[in-house]
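**Q** missing the sequence, but the structure's below:
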């Protein structure tokens, strides 16, 4: 599904990702761990198409080179990024945003756009699954939401938009244990044989709830070690220093 | 330039000799200074004189127009209406209301109080005004449906100035939702100079919405003098995008305890539009509250101006006054000027003001795009959001929807 080949990314001539290779197949859950400044969030932003990076190498998504494809087209093709810090947008109603988003994606696939009533029925169902109070949906997007509520809102969007590849950028940061469980349950319930996850995290904590198939350690812009779920426990004990 | 103005008081019908001579005196005062220019502090960001010189070769006051017009009314929106054509009341309809609760009449100088003139446009209005409306809501009556004041301008207006006066009186304990809705059918240039007085009696409420139903290339000036009594509320919501030139000047007196005034404006300006909101809110009594939020989105070479003054008299303790102006600048050639002013003589008050301007937040655009929304749609959504957050304050759901539709149209540039 995702095949990253020899990816080099720099910002203002500073090399951040250096010759990164990563392959993710449908149905797999990959976790990327690594110390601060290792390039984890840059990888997430580059995959979603954020501007401002100089990029060499290839990013193939479903066999298609997406290097020059815009942010919204990548989203329409099925790449989803759950933000570490979801943006607060005053004046934009959460429901209106969610419907605009879903309909943009449906439209790009040639599917019929959902009318307000059908949409509301759908979103209420999804919100209920995640234990999100309906009232949140009529509030301004992320404005005044707690850290946990913002992250739950990200997972709600993921479940609504049904992406092929979900990238979770430190979704566990700032979550208490209850919110963490809800987020993890959201991810686990969306796990299917034809979609995949890339979970970026600092700590092994989230991986107690979401079991990855592979763990990669990112250091100085490179994957320096790949292993199974047990690698997380090892790292928790010995830290990143030995790598 | 002055020689190109042909303002003729003798052609205004039904004036007594005495009225004529008062009007002529007012006209003389106008001619001493002409249209306001940027040398005047109140007009420093809006040089009306030079704008008028550029856009008018000649100018005359309005003659009688015989308009045989089928009224265009808003569909799917139950309302009462007063229909003005070229500033003159053409018809009205209060079918939704109880009888004898509402007085509606042509405005007539001889039997109504008029505002004291402050600037040359006010003097010109006193000299030339014909018609307008007088509206009075009797005690303890809440209108069942909103009242729309239609302001229609016909396509035969050319090089004229329309001057009119309106007066609104809401008696004790009464409430009305009033929408001023302008429709401009004209192809040529005109100026409209309106002088409006609004008196709110004890415990009365006026929600005043100003909406623009069509684009207009014309010049609008409106001076509003408003006096509030105890526990009364005067709330203004201004959505006049699409006007080439517009200046609204509020002069509001909070004259009794617990009176409250709010002004929200949300403007999206394009091309060379120039709009100004100027306010003077006088807190003359304790425990009054005023709240102003001015939002502007500036495209192309447009210009927005906000001059907001809060005056707090020495006995007006426990005053709560707030003003904020926020602007999105989308083009380097556009311009916004804000001049906040606080003049406070009481010592136990809460007064604050703020002003920000900037461009659309790139991170917000990125966030929306990662959700499959195109850059153009993301920007529109953010602009609408920026302008629309005052809609939460609008309690009447139907009016709120009308505003949403209007805003949608304006942000989409039509």
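**A** Good, I have the coordinates. Here the structure is a predicted model, which is why all the values come from computation and not from measurement.
**Q** Give me the neighbour count for residue B:299.
**A** Using other Cβ atoms under 10 Å in any protein chain shown, the number of residues around residue B:299 comes to 18. Where C-beta positions appear, they are placed from N, C-alpha and C, glycine not excepted.
**Q** Show me the shaky parts of chain A.
**A** A:241-243 (pLDDT under 70).
**Q** Identify the residues contacting residue A:50.
**A** A:71, B:366 (Cβ atoms under 8 Å, 6 or more residues apart in numbering or on different chains).
**Q** can you check residue B:340 too?
**A** Residue B:340 touches B:308, B:309, B:323, B:325, B:353, B:355, counting by Cβ under 8 Å, 6+ apart.
**Q** Surely residue A:186 touches residue A:158?
**A** Yes. Counting by Cβ atoms under 8 Å, residue A:186 does reach residue A:158; the two are 7.3 Å apart.
**Q** Helix, strand or coil: sort out residue B:363 for me.
**A** helix (DSSP: H, G, I helix; E, B strand; the rest coil).
**Q** Can you tell me how far the closest residue to it other than its chain neighbours is from residue A:50?
**A** For residue B:363, ignoring the flanking residues on the chain, the nearest one in space by Cβ to Cβ, 6 or more residues apart in numbering or on different chains is residue A:87 at 5.5 Å. Plainly put, residue A:87 is 13 Å away from residue A:50 if you go by Cβ to Cβ, to the nearest Å.
**Q** shared neighbours of these two, which are they?
**A** residue B:366.
**Q** distance from the centroid: which residue in chain B tops it?
**A** Using Cα atoms, centre = their mean, the residue of chain B lying farthest from its centre is residue B:370. It sits 40.1 Å away.
**Q** Distance of that one relative to residue A:71?
**A** 6 Å.
**Q** which residues are in contact with both of those two?
**A** Common neighbours of residue B:370 and residue A:71 (Cβ under 8 Å, 6+ apart) are A:48, A:49.
**Q** okay, now the one residue in chain A that gets nearest to chain B: neighbour count?
**A** Nearest residue of chain A to chain B: residue A:91, at 3.0 Å (Cβ to the nearest Cβ). The local packing of residue A:91 (other Cβ under 10 Å) involves 22 other residues.
**Q** Tell me who's in contact with the spatially closest residue to residue B:141 that is not a sequence neighbour.
**A** The shortest distance from residue B:141 to any non-neighbouring residue, by Cβ to Cβ, 6+ apart, is to residue B:101 (4.4 Å). Each residue near residue B:101 by Cβ under 8 Å, 6+ apart is listed here: B:137, B:138, B:141.
**Q** which element is residue 180 on?
**A** Since no chain was named, I'll use chain A. Taking DSSP states H and E as the criterion, residue A:180 maps to helix A:177-190.
**Q** meant chain B actually
**A** strand B:175-184.
**Q** For the spatially most central residue of chain A, give me its contacts.
**A** Nearest to the mean C-alpha position of chain A, counting by Cα atoms, centre = their mean, stands residue A:167 at 2.3 Å. Going by Cβ under 8 Å, 6+ apart, residue A:167 touches A:44, A:47, A:48, A:79, A:80, A:81, A:82, A:197, A:198, A:200.
**Q** Am I right that it is in a strand?
**A** Yes. Residue A:167: assigned to a strand according to three-state DSSP.
**Q** Which strand residues bridge it?
**A** residue A:81, residue A:198 (DSSP bridges).
**Q** what secondary structure does whatever residue of the stretch 151-300 of chain B ends up closest to chain A sit in?
**A** Of all residues in the stretch 151-300 of chain B, residue B:295 sits closest to chain A, at 9.2 Å by Cβ to the nearest Cβ. When classified by three-state DSSP, residue B:295 comes out as strand.
**Q** Residue B:240 versus that one, what's the distance?
**A** 12 Å.
**Q** what touches both of the two?
**A** B:265, B:267.
**Q** On the three-state scheme, the residue of chain A closest to chain B is what?
**A** strand.
**Q** Farthest-apart pair in the contacts of residue B:340, please.
**A** B:309 and B:355 (13.8 Å; Cβ to Cβ).
**Q** Now do stretch A:13-23: distance to the chain's middle.
**A** The chain centroid and the centroid of stretch A:13-23 are separated by 19 Å, computed with Cα atoms, centre = their mean, to the nearest Å.
**Q** Could you do stretch A:86-101 as well?
**A** 18 Å.
**Q** In a helix, residue A:121, correct?
**A** Yes. Using three-state DSSP, the assignment for residue A:121 is a helix.
**Q** And for it, the neighbour number?
**A** If we define neighbours as other Cβ under 10 Å, then residue A:121 has 10 of them.
**Q** Residue B:350 now?
**A** 10.
**Q** where does it land on pLDDT?
**A** pLDDT recorded at residue B:350 is 96.
**Q** unless I'm mixing things up, it is touching residue B:312, no?
**A** No. Using Cβ under 8 Å, residue B:350 is not in contact with residue B:312; the gap is 10.1 Å.
**Q** interface residues of chain A facing chain B?
**A** With Cβ under 8 Å from any Cβ of the partner chain as the criterion, chain A meets chain B at residues A:48-51, A:70-72, A:74-76, A:80-81, A:83, A:86-87, A:89-92, A:96-97, A:100-101, A:104-105, A:108, A:140-141, A:157, A:161.
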